[in-house]
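A.B. asks: Coordinates for the following, if possible.
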Amino acid sequence: MHFHRYRSRLWTVAAVTVVAAGSGVVTALTAHAAAPGCGVAYTVGSQWQGGFTASVTVTNLGDPLSSWTLTWSYAGGQQVTQAWNATVSQSGDQVTVRNASYNGAIGTNGTASFGFNGSWNGGNPAPTSFALNGTTCTGAPVTTPPGGDPTTPPPTTAPPGNPAWGQGLPPAGAVHSRAYHIVTAADGTGYTPRAGECSREIHARYWTYGPDGKVYPTWHPARDPSGCAFGHEHGDDPRTSDLFGTASWPPFGYTSEVMLDNLAESSHRHEDHVGHKVLAVNNSNVIQGDNGTSLFPPQGATIATCDILLKFHQGTHSPDAFSNNVHELLLNQRCTASNGGQVTEARYNAMIPLGRAGGFSPSECPGFGRPFINVKPAVPADSPSDTRSLGRLITEPGCVQAIREGRTHQDPLFPNPVPFTVSDMDDFWFSDISVTGSGLSFRIAPLFYVVNPSRYYDPTKPNSNGRIVDLCYTDLAGGSNCDVVKRITQQTGQQVAWDDPRSPFKGTLREFRPGTFTVQNSGPTTVYTDVYGRNAATTPFAGSIRQYFAGGGGTALYVRGSIKDYSGTAADGIHAPN
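C.D. replies: Sure thing, here's the model as predicted:
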């Protein structure tokens, strides 16, 4: 994984200021207006030569509305080129915005939001007057630099995913996130195709809009319909989820982008592309009395069923996780109780901490609960720590020694203790997350388990990154995965490399459990937090992420999720790094 800024066609705030000073063009593009009937917040989040992205939030200060129309006029000849969460038309300088089918109802003091891309030529002044259903929203405009308004919330729902998903590139003028930029750039930080693999241009067709209106990479199949393979996989197809209609395509790297836009360089956390993994499970049964301590759920009554659509970043090929403990979780989960149909739901996006920053603890080989191994300072250095869970458990030289000594472990599938082998070198990542506020208590304690990672911790290797497949060629007991490797060598006469598609050590066999899940919310369903899920508030603030929590009762559920092998077929060509 790599940690660095990038240069793009987007202007920095400093650059915009310089241009404004030289041309007399107003670049402070946020305007607010308020009146007894309505208020409008108009924010330009990004601007570049000839284009911009804006978001608008309408606040209804009068009687409840069942539908709405917002109008304004541009003074600089701007044109709206694309919109989401609303229908926008334009005649000359007059812009007319009508609600979408799902956000027409606005209660008293309620809000509705939409966003759009626009073009400009010579200047981009903000509108100074708005009207909601014909009523002028009066008040003195207040201006701040692009992206600098701490009180403007993101859109109510994610913009439409991408009707041309997998078919074409984003429209001209669309604002690219950093995550999308590095996938398409030929600098080795994102997608670097091998000979015969899909080109960057094909990979760039798999994109979506994030809640901020920017373009992000998203899930794609292991192979493009044209027949080429990407060499990596992102887990389940999110379209198979019953929650896809609400959640749409997961924007890989969205929370990292919020960090990039609002925090200092030293506090930004970048994650590589291939580590983004999707889990989609429908109607997962929650069993009464299950607390997750056993491999299999207990026998008992089903007390709820849950739909899960999550994206977690867990690469098991690089040394990154040895010291860096924060990873992106995009969670959509809805559980329905068996008695009475009580529904609890969470839509939660954050960089979540998994254990302590700067190191990890040994995995099940040679045994859980060993001392914390301090590796080096985390990036970012101010990463929060999770002290309630076991954190990241990764195999290290103690496991190699345990295998050599013939030590055993208790495998639930076998009645007697089983000797450790190289095939038992796995990763367990735990976390325990809570969000609390006025009337809100949310908790999730997930487990992310990878059975066949491609690396282990070895401080004698470059970057402390040992390759598990290499241990198959030592005197250690290898197990089933090493048996596969040795058969290939017998047939070809060549040693299997760590990034060979034929190697079984490539991070494709995963169990993702949402685990403990509790939602109790008697307050607003919309809550704003920082990128780490802290500082919950009912109003947006600088660098905040919009979250959603609905439900009552506070019953703790243990949600199992699923375990799957995503290695695909030989034609998929999946290999580490993955």
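
A.B. asks: what are the bridge partners for the residue nearest the centre of the chain, then?
C.D. replies: Centroid-nearest residue in the chain: L330, 4.2 Å away (criterion: CA atoms, centre = their mean). On the basis of DSSP bridges, L330 is bridged to K311, N349.

A.B. asks: Give me the distance between it and H276.
C.D. replies: According to CB to CB, to the nearest Å, L330 and H276 sit 9 Å apart. C-beta coordinates here come from the backbone N, C-alpha and C atoms, glycine included.

A.B. asks: where in the stretch 151-300 of the chain is pLDDT low?
C.D. replies: Across the stretch 151-300 of the chain, the ranges flagged by pLDDT under 70 are 151-161, 187-189.

A.B. asks: Show me where it has its helices.
C.D. replies: Assigned by DSSP state H, counting those that start in this stretch, the stretch 151-300 of the chain shows helices spanning 178-184, 200-203, 244-247, 254-262.

A.B. asks: Let me see the residues that make contact with the second one.
C.D. replies: Going back to what we said before, that points to helix 200-203. L169, V183, T184, A186, Y191, P193, P217, H220, D224, S226, C228, F230 (CB atoms under 8 Å, 6 or more residues apart in numbering).

A.B. asks: quick one: which of those sit in strands?
C.D. replies: Those of the contacts of helix 200-203 mapping onto strands are P217, per DSSP state E.

A.B. asks: wouldn't E257 be in contact with D212 here?
C.D. replies: Yes. Using CB atoms under 8 Å, E257 is in contact with D212, at 7.0 Å.

A.B. asks: Looks like V278 contacts G235 (just checking).
C.D. replies: Yes. V278 is within contact range of G235, at 4.0 Å (criterion: CB under 8 Å).

A.B. asks: higher neighbour count, those two?
C.D. replies: Ranked by neighbour count (other CB atoms under 10 Å), V278 and G235 place V278 first, with 24 against 20.

A.B. asks: Return the residues in contact with D237.
C.D. replies: So D237 contacts W219, P221, V278, A280 (CB under 8 Å, 6+ apart).

A.B. asks: With T555 instead?
C.D. replies: I303, A337, T518.

A.B. asks: returning to that earlier point: where's the residue nearest to the centre of the chain relative to T316, distance?
C.D. replies: Relative to T316, L330 is positioned 19 Å away (criterion: CB to CB).

A.B. asks: How about C306?
C.D. replies: Note on C306: its distance to T316, by CB to CB, is 26 Å.

A.B. asks: Name the residue in these two with the higher neighbour count.
C.D. replies: Comparing C306 with T316 by other CB under 10 Å, the one with more neighbours is T316, at 28 against 22.

A.B. asks: For Q299, see how far away that one is.
C.D. replies: Applying CB to CB, the value for T316 to Q299 is 33 Å.

A.B. asks: show me where pLDDT drops low in this structure?
C.D. replies: Residue ranges of the chain with pLDDT under 70: 1-36, 138-161, 187-189, 369, 413, 553-554.

A.B. asks: Now the top helix by length along it: buried residues?
C.D. replies: Secondary structure assigned by DSSP state H gives helix 479-492 as the longest helix of the chain. Using 16 or more other CB atoms under 10 Å as the test for burial, helix 479-492 gives G479, N481, C482, V484, V485, I488.

A.B. asks: what about dumping the CA coordinates of that helix to CSV?
C.D. replies: What follows is helix 479-492, C-alpha atoms only, in CSV (Å, rounded to 0.1, in the frame of the first residue of the first chain):
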residue,chain,number,x,y,z
GLY,A,479,-0.7,-29.4,4.8
SER,A,480,-3.2,-29.4,1.9
ASN,A,481,-2.2,-26.1,0.3
CYS,A,482,1.5,-27.0,0.2
ASP,A,483,0.5,-30.4,-1.4
VAL,A,484,-1.0,-28.4,-4.3
VAL,A,485,2.2,-26.3,-4.6
LYS,A,486,4.5,-29.4,-4.6
ARG,A,487,2.4,-31.2,-7.2
ILE,A,488,2.8,-28.2,-9.5
THR,A,489,6.5,-28.2,-9.0
GLN,A,490,6.7,-31.9,-9.7
GLN,A,491,4.9,-31.4,-13.0
THR,A,492,6.8,-28.3,-14.1
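
A.B. asks: which other residues reach it?
C.D. replies: With CB under 8 Å, 6+ apart, helix 479-492 has contacts from 421-424, 452, 469, 471-473, 478, 495-496, 502-505.

A.B. asks: What's the first helix or strand after that helix?
C.D. replies: strand 509-521 (DSSP states H and E).

A.B. asks: circling back: sort out which one of the contacts of helix 479-492 lies nearest K461 for me.
C.D. replies: L471 (11.6 Å; CB to CB).

A.B. asks: quick revisit: show me which of the contacts of helix 200-203 is closest to A204.
C.D. replies: Nearest to A204 among the contacts of helix 200-203, counting by CB to CB, is T184 at 4.6 Å.

A.B. asks: Spatially nearest residue to that closest one (excluding sequence neighbours)?
C.D. replies: Nearest non-adjacent residue to T184, counting by CB to CB, 6 or more residues apart in numbering: A204, 4.6 Å away.

A.B. asks: Around the one you found, how many other residues sit close by?
C.D. replies: By other CB under 10 Å, 20 other residues sit near A204.

A.B. asks: OK, contacts around it?
C.D. replies: A204 sits next to L169, Y180, V183, T184 when contact means CB under 8 Å, 6+ apart.
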